[in-house]
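> attaching a predicted model along with its sequence, questions to come.
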Amino acid sequence: MPDLLLELFSEEIPARMQARAAEDLRKLVTDGLVEAGLVYEGAKAFATPRRLALNVVGIPAKGPDLREERKGPRVGSPEKAIEGFLRGAGLASIDEARIESDPKKGEFYVAVIEKPGRTAEEVIAELVPDVIRRFPWPKSMRWGTGSLRWVRPLHSILCVFGPETEDTDVVPFEVDGIGSGRTTRGHRFMAPGEIEVKRFEDYEKKLFDAKVVLDPARRKEMIRADAKNLAFAQGLDLVEDEALLDEVAGLVEWPIVLMGEFDRDFLEIPPEVIRLTIRANQKCFVVNDPATGSLSNRFVLVANLEAEDGGRKITEGNQRVIAARLSDARFFWEQDKATTLADHAKKLRSIVFHEKLGTQGDRVARIAQLSRELAAGLGASGDRAFLAARLAKADLVTEMVGEFPELQGVMGRYYAFAEGREADVANACRDHYKPVGQGDAVPTEPVSIAVSLADKLDMLSGFWAIDEKPTGSKDPYALRRAALGIIRIVLENGLRVRLLPILREQVERQERQVHSTAALNQAIDQAVATLGLDLSGKTEEEISDEIYRHHQVDPARVAAAAADLVAFFADRLKVQLREQGARHDLVDAVFALGREAGSAAGATGTPEPQDDLLMILRRVEALGAFLDTEDGANLLAAYRRAANILRIEEKKDDRSHAGEASREKLVELAEATLYERLSAVTAEVDAALEAEDFAAAMTALSQLRAPVDAFFDHVTVNADDAALRENRLRLLSQIRATMDRVADFSRIEG
Amino acid sequence: MSDQDFLSPLRSFQGLLLTLQRYWAARGCVVLQPYDMEVGAGTFHPATTLRSLGPKPWKAAYVQPSRRPKDGRYGENPNRLQHYYQFQVLLKPSPPDLQDLYLGSLREIGIDEKNHDIRFVEDDWESPTLGAWGLGWEVWCDGMEVSQFTYFQQVAGFDCHPVSGELTYGLERLAMYVQGVDNVYDLNFNGREGDEKVTYGDVFLQAEKEYSTHNFEHADTEMLFEQFRMAESACRRYVEEGWAGEPRERHLMAQPAYDQCIKASHVFNLLDARGVISPTERQSYILRVRELAKSCGEAWRATEAGGAI
């Protein structure tokens, strides 16, 4: 069966768009073929900087014939109905229709419409121009006087169709003045002439002879292999970089790998800076020296040309550009170091963080205070954490981070070391941003942890205080990521942190600040306007502090925001645990509990939510393990039975049966045994929970299995004696209450 | 040595400039002189901004001194200047062989494509102040950006029909490359040697120092704020008063109005360099200039050269 070869030849396609475009081309064309009834055997698409190509093999020469019968009006119907039928079916006269009869309808006309299958060439000639016109480029443009849109000007279209052994035909069509043909061109500089092509094998080979490697995967492997060899030959190791390799493979049709070098003196610049400079600006690879374990003064570049001079001029040119870039970087490095981090940090005061949440300087002050408060519980010195937090954001105003924003934190650490700071503070500058993504490690040093938690808690409480929470897909300040970061830091370091009190305090501080800033501005305006006051003597900070002290925040609002924020954490934790394979219903069962059932809850009337992430996790784990045992599964069944009976009976009686059963009214042995056991188990469970030993709590529960089973086997709950029935229902409610101390078993599914 | 050698683009800055002018003159461009106002880039020249609007064909090439007050480095940085030259080519409609024409110009100034790695690397161009954008590339020669290559899609907020192709050569960089010089001030300006040699530094170093001092430390901000307001209101007034016919079919003062827009833009750049515009204000100034550019673009389209007749 015949094959189709299509090539769309244009000016340089952005590297980042090539792979997606090749895939889109394949999908759009093959979908169109299948829709027209042309089921093909296989298809593969390719991209180079100047062309998208598609090879579809095994296309039937012709689509299937279609035969359709269309029922018409009854014989003898009015003229108008007959005419309409003829028009719709495409018949010239009624003689062309068949007459059929039906017992109900009588005699009626039937038109048989036969559509011969279209040839593949017809389909392609219609399909390809359509695909070109509606191609989903992320950004497209017009050029010259035309109206066609393509990623860059489209120059020619090669489209041949034919059997694999014989000659192929050009599928004729035209798009905006560009006619299809069978020619393409080779490498822009090394083989610019026209090439005539018959089919794919021929195309790929002729292109290769014309210095174009069609397959991006092959270009990548060529670059990878040559780059490694070149480094190896010098006793060096290539620093592999898959994303860069992909990009570079999209910038060349004929990869030539060369090695250049730069002045060793530049190696005094931090390696991250060298790598970024060389990678981001020049799209070159860096090379490690195994002898020193760090960067060497070599780099690997990928050219698109087999130069007549062997690449000497190309290498020299690249070396000069890299030297210029590195000297800019060194200038920034030296310049930044000339100012202390503490002085850099002062500039944060003039950078607005958020209109309502003040400047970066305000934020740093809050983070520093909170870091100090958190430090104690983390085994860190409050003063060290405070200092680290004061310096941690200072690198944001340095030249280097201005140039390479992705180096925030990394540079702070270098600058901290350069000015003689100790490792805990320096590392916190870098590590307080962690974890940056799912795969990134969490900070583990106490000072870093304190600053990292404080940074993220400040973000969250701030945006909650001004009610700019993430909604749906909108999360412009990455608050979900911040919450997840806190969860991971706490869990992976095994930290005990109660979130609610911290969040309350932070939300309140933020509220005060927001309101005092607004009130301050208003007060100043009023004072200046009505009294003609001169406030220049007092600093804004002094005035602000005064107002801050007098400002009352609404405690209900603060409490609500903090509670809402804890619920947000709960959601994030659920997502996180679910991703790790934990059952979401178990998470729900634990979250549904009030914190430390019975303790703090009593005072305010509403139970406080679970806010100790580590304890939540431990409880979920213990619960999961328990339910996997036979005792656990069985007890869950018993719990449900008890809860079901209670629900039904409570509904019937229209009142609750919660409460303690009365010992005197226990007549059967099984109920007496259960009663005794419940008291004992409840005490054991409470003791285990007090000791935060959730496994022991579960084990204690499992002792209920036998008496509960015996109770259901031997005791009739709905006894005729109302007093007995009441007492037994209470016993059931006690089972429920005892188990609910550990987790809300009613939330467990399955 | 013959006169020709002194004018070789490999030897002198002015030779490079003259070579590019001759090359594009031979391809039908009108070779214009720099616009006689301070601008941030060659694109601001009315021969690009205004002429890229409307249906009439246009081919122009010119060198344009470009002022970026913020980029001043008191003459201490080897490749950053607050005043530098752009060589600008505008071809409307963009011809199908624009890339080849461009490569021909590189060949002409001594960049031989058999030994140099020339690449078209994605770079979409946008000028927020002009309300303009286009798609294209930065052109790399052995890893160095030597030109911007753009197909204009919109200018002053109007779709370009036909589309213009714009080429912008950074002359100093290109000259440094072909002369093999690492410091812009060491460029040979006139192609002579010994006593007769004049370098780029001889011509511009003092100016770079003086203007850096002016731009960062002394530029009179009160005067500049006033100038911005004056230019803005003059531009608005000229646009408004230039409309003729009913309803607003013709415009009689598009270019004088646009001059005021250019003026406002440069004054804004000076204020920005002085650090007296906060980040939030910055955005609003850019929008104000863009509004001027848009109204001038609209006016231009109602003129003869803009295609109204």
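It's in. A quick note: this is a predicted structure, and the numbers were derived from the prediction, not measured.

> count of neighbours near the residue in the stretch 51-200 of chain B positioned nearest to chain A?
Using Cβ to the nearest Cβ, B:Asp142 is the residue of the stretch 51-200 of chain B that sits closest to chain A, at 2.6 Å. Bear in mind the C-beta positions are built from the backbone N, C-alpha and C, glycine included. B:Asp142 has 26 neighbouring residues, counting by other Cβ atoms under 10 Å in any protein chain shown.

> residues contacting the residue lying closest to B:Leu91 once chain neighbours are set aside?
Nearest residue to B:Leu91 in three dimensions, chain neighbours excluded: B:Gly165, at 4.8 Å (Cβ to Cβ, 6 or more residues apart in numbering or on different chains). For B:Gly165, the contacting residues are A:143, B:90-95, B:98, B:149-152, by Cβ atoms under 8 Å, 6 or more residues apart in numbering or on different chains.

> where exactly do the helices run in chain B?
Listed in chain order, the helices of chain B (DSSP state H) span B:3-6, B:13-25, B:46-49, B:98-108, B:171-179, B:200-213, B:221-242, B:254-273, B:279-300.

> for the third one, list every residue counted as buried.
Translated: helix B:46-49. Using 16 or more other Cβ atoms under 10 Å in any protein chain shown as the test for burial, helix B:46-49 gives B:46-49.

> now do stretch B:273-286
Going by 16+ other Cβ under 10 Å, stretch B:273-286 has these buried residues: B:273-274, B:277, B:285-286.

> what's the farthest-apart pair in those residues?
B:Arg274 and B:Ile286 (16.3 Å; Cβ to Cβ).

> may I ask which helix or strand encompasses A:Phe46?
In the assignment (DSSP states H and E), A:Phe46 maps to strand A:42-48.

> the helix or strand following that strand vs strand A:42-48, what angle?
With elements assigned by DSSP H and E, the helix or strand that comes after strand A:42-48 is strand A:51-57. Angle, strand A:51-57 to strand A:42-48, by axes from the mean of the first three to the mean of the last three Cα atoms, to 10 degrees: 170 degrees.

> tell me what the strand holding A:Phe46 is packed against?
On a contact count with 3 or more Cβ pairs under 8 Å, 6 or more residues apart in numbering or on different chains; DSSP states H and E, strand A:42-48 meets helix A:15-35, strand A:51-57, helix A:216-233.

> nearest to chain B among those would be which one?
helix A:15-35 (6.8 Å).

> who does that closest one touch, helix- and strand-wise?
On a contact count with 3+ Cβ pairs under 8 Å, 6+ apart, helix A:15-35 meets strand A:3-10, strand A:42-48, strand A:51-57, helix A:120-133, helix A:216-233, helix A:242-249.

> please repeat the previous calculation with a cut-off of 10 Å.
strand A:3-10, strand A:42-48, strand A:51-57, helix A:120-133, helix A:216-233, helix A:242-249, strand B:118-122 (3 or more Cβ pairs under 10 Å, 6 or more residues apart in numbering or on different chains; DSSP states H and E).

> now do it and helix A:216-233, the angle between them.
150 degrees.

> the bottom helix or strand of chain A by mean pLDDT?
Here the helix or strand of chain A ranked lowest by mean pLDDT, DSSP states H and E is helix A:600-604, holding a mean of 36.

> how about the residue lying closest to B:Leu10 once chain neighbours are set aside, what does it touch?
Leaving aside its sequence neighbours, B:Leu10 sits nearest to B:Gly110 (Cβ to Cβ, 6+ apart; 4.7 Å). Counting by Cβ atoms under 10 Å, 6 or more residues apart in numbering or on different chains, B:Gly110 touches B:8-11, B:15-16, B:19, B:116, B:174, B:177-179.

> most neighbours of all those, which one?
B:Leu16 (29 neighbours).

> and that residue, how far from A:Ser180?
If you measure B:Leu16 against A:Ser180 using Cβ to Cβ, to the nearest Å, the figure is 43 Å.

> got it, and A:Gly361?
According to Cβ to Cβ, A:Gly361 and A:Ser180 sit 64 Å apart.

> looking at these two now, which is surrounded by more residues?
A:Ser180 (21 against 18).

> quick check: phi and psi at the closest residue to B:Gly307 other than its chain neighbours.
In this structure, B:Gly307 finds its nearest non-sequential neighbour in B:Gly54, 3.3 Å apart by Cβ to Cβ, 6+ apart. Backbone torsions for B:Gly54, taken as degrees, to the nearest 10, come to phi 90, psi 170.

> over to A:Glu316?
phi -60, psi -50.

> what sits against residue 223?
Just going to use chain A. A:244-245, A:248-249, A:252, A:255-257, A:285, A:300, A:302.

> that's the wrong chain, I wanted chain B
Counted by Cβ under 10 Å, 6+ apart, B:Met223 has contacts B:267, B:270.

> and the gap between it and B:Leu91?
B:Met223 is 40 Å from B:Leu91, by Cβ to Cβ.

> quick one on the thing from earlier: can you give me the pLDDT of the residue of the stretch 51-200 of chain B closest to chain A?
B:Asp142 carries a pLDDT value of 94.

> same deal with A:Ser473?
pLDDT, A:Ser473: 81.

> quick check: phi and psi on it?
phi -90, psi 0.

> contacts only, for the nearest residue to B:Phe6 once chain neighbours are set aside.
Nearest residue to B:Phe6, sequence neighbours excluded (Cβ to Cβ, 6+ apart): B:Gly191, at 3.8 Å. Going by Cβ under 10 Å, 6+ apart, B:Gly191 touches B:1, B:3-16, B:179, B:197-198.
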